[in-house]
Structures are given as C-alpha cells and as structure tokens.
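> Starting from these lines, generate the structure:
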Amino acid sequence: MTLSEVFIPKEEIDYAENSVVSKIIIKKPAGNITLFAFDKEEGLSEHSSPHEALIHGIDGKAEITIGGNIYILLQGNCIILPANIPHSVKAIEKFKMMLTMIKS
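Below is the predicted model:
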C-alpha cells in the first residue's frame with residue numbers, strides 16, 4: 001500500500017490461526033491507524049490507554065468491553081474507546097478492525 005492509493009482495509013491484512021495479527025497503516029506523533037485480524041476466540045486483554053481511539057469493524061463479529069459494559073461490533077459498525085477507561089476485544093468469530101488512535 002502506498003500513499004494516495006485506494007485500498008480495501010479488510011484485504012490488507014490476513015487472518016492467522018490462533019493469533020492476532022496487526023499492521024500499522026499510519027504512525028505519526030498525532031496518532032496511529034492500525035489494522036487488526038483476530039482468529040475466532042482471540043483478543044486483546046483488558047487494558048487502558050491515555051488516548052481516545054475509534055474501532056471500525058471491517059469483517060466478522062467481536063465483543064468489545066468498555067468500562068465493564070459489553071458491546072457487539074459487526075462489520076461496518078464503529079465504537080469510540082474513551083481515554084483512561086479499561087477496554088478489551090474478543091473475537092466471537094473471525095474479526096478484522098481498523099483502530100484509529102488520536103494522541104493529544
């Protein structure tokens with residue numbers, strides 16, 4: 001992928017068996033955009049970040065927990081992760097997402 005090139009995010013990252021795969025699209029001091037591919041039942045354990053972030057589901061289905069509240073995210077859905085609030089991701093089925101983190 002190069003700058004000023006049209007791309008389909010879910011085609012830019014592949015699933016790996018029993019794994020979470022990530023691929024950085026943009027990394028700047030102001031923030032990052034990263035693609036993730038989760039095999040079924042894989043995820044990111046609960047953690048928090050000092051930065052807000054947006055998750056955009058681009059394939060499959062996942063359970064997103066934010067501050068103890070559970071949300072189901074499907075392809076085409078988005079959710080905002082507030083800064084300093086614990087959150088986690090667990091793939092209910094194979095799941096791909098694009099994470100946009102805004103640093104301040």
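
> Return, as residue ranges, the portions of this protein with sub-threshold pLDDT.
Within the chain, the stretches with pLDDT under 70 are 1.

> repeat that for 80
1-3, 104 (pLDDT under 80).

> can you pull out the strands in it?
For the chain, the strands defined by DSSP state E cover 20-28, 31-38, 43-47, 52-66, 69-74, 78-81, 87-102.

> Can you lay out those strands as JSON lines showing mean neighbour count and distance to I8?
Every residue, glycine included, has its C-beta placed from N, CA and C. Converted to JSON lines, the strands of the chain look like this (neighbours: other Cβ atoms under 10 Å; distance: least, Cβ to Cβ, whole Å):
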{"stretch": "strand 20-28", "mean neighbour count": "13", "distance to I8": "12"}
{"stretch": "strand 31-38", "mean neighbour count": "20", "distance to I8": "11"}
{"stretch": "strand 43-47", "mean neighbour count": "13", "distance to I8": "23"}
{"stretch": "strand 52-66", "mean neighbour count": "19", "distance to I8": "9"}
{"stretch": "strand 69-74", "mean neighbour count": "13", "distance to I8": "17"}
{"stretch": "strand 78-81", "mean neighbour count": "15", "distance to I8": "17"}
{"stretch": "strand 87-102", "mean neighbour count": "19", "distance to I8": "11"}
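
> Let's have those strands in CSV, adding distance to P9.
Output for the strands of the chain, formatted as CSV (distance: least, Cβ to Cβ, whole Å):
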stretch, distance to P9
strand 20-28, 8
strand 31-38, 6
strand 43-47, 18
strand 52-66, 5
strand 69-74, 15
strand 78-81, 13
strand 87-102, 5
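
> which residues does the residue nearest to E41 when sequence neighbours are not counted contact?
With sequence-adjacent residues excluded and distances taken as Cβ to Cβ, 6 or more residues apart in numbering, E41 is closest to A91, at 6.3 Å. Listed by Cβ atoms under 8 Å, 6 or more residues apart in numbering, the contact set of A91 reads 38-43, 60-62.

> May I have the beta-bridge partners of I55?
I55 has these beta-bridge partners by DSSP bridges: I79, L99.

> so it sits right up against L74, yeah?
No. I55 sits out of contact with L74 when judged by Cβ atoms under 8 Å, with a separation of 11.6 Å.
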